[in-house]
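A.B. asks: Give me a 3D structure for the following:
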Amino acid sequence: MKNEFDGLVARLFNGGVSLTDAVGLLERSMIEAALHNSKGNQSAASKQLGIHRNTLQRKALEYGLDDCRGRSRRKPAHRAAPVRKRRLGAA
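C.D. replies: Residues are numbered from 1 along each chain as shown. I've put the predicted structure just below:
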């Protein structure tokens, strides 16, 4: 495994890839693989990667990954707005 990684590093370095770009490529690939392995489950993917779920969401948005789109923050129907009951009887 180390030999393969060293070979990859040599190819990236000799190919003129900057450190920032190389880190981005590795990070994006690992996030994609974790999301694929966890079938899109962000919590499971973040545990595989050893990062917080919020960090995973932020990085996925940064890399434009569709699998990690945030859900809309909508309250459930039963919590949307309290319904005031009218009192029956004398006022």
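A.B. asks: How about residues contacting stretch 36-49?
C.D. replies: 30-31, 34-35, 52-53, 55-57, 67-68 (Cβ atoms under 8 Å, 6 or more residues apart in numbering). In short, each C-beta sits where N, CA and C put it, glycine included.
A.B. asks: show me the biggest helix of the chain in terms of residues.
C.D. replies: For the chain, the helix with the greatest residue count under DSSP state H is helix 19-37.
A.B. asks: Which of the residues in the helix or strand following that helix are classified as buried?
C.D. replies: Counting by DSSP states H and E, the element after helix 19-37 in chain order, helix or strand, is helix 42-49. For helix 42-49, the neighbour count (16 or more other Cβ atoms under 10 Å) marks 42, 45-46, 48-49 as buried.
A.B. asks: And whichever helix or strand comes after helix 42-49, what does it pack against?
C.D. replies: Using DSSP H and E, the helix or strand that follows helix 42-49 in sequence is helix 53-63. With contacts taken as 3 or more Cβ pairs under 8 Å, 6 or more residues apart in numbering; DSSP states H and E, helix 53-63 sits against helix 19-37, helix 42-49.
A.B. asks: In a markdown table: the ones you listed, plus distance to Ala10 and mean pLDDT.
C.D. replies: Output for the helices and strands packed on helix 53-63, formatted as a markdown table (distance: least, Cβ to Cβ, whole Å; pLDDT from 0 to 100):
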| stretch | distance to Ala10 | mean pLDDT |
| --- | --- | --- |
| helix 19-37 | 12 | 94 |
| helix 42-49 | 25 | 96 |
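A.B. asks: out of the ones you listed, nearest to Lys85?
C.D. replies: helix 42-49 (38.7 Å; Cβ to Cβ).
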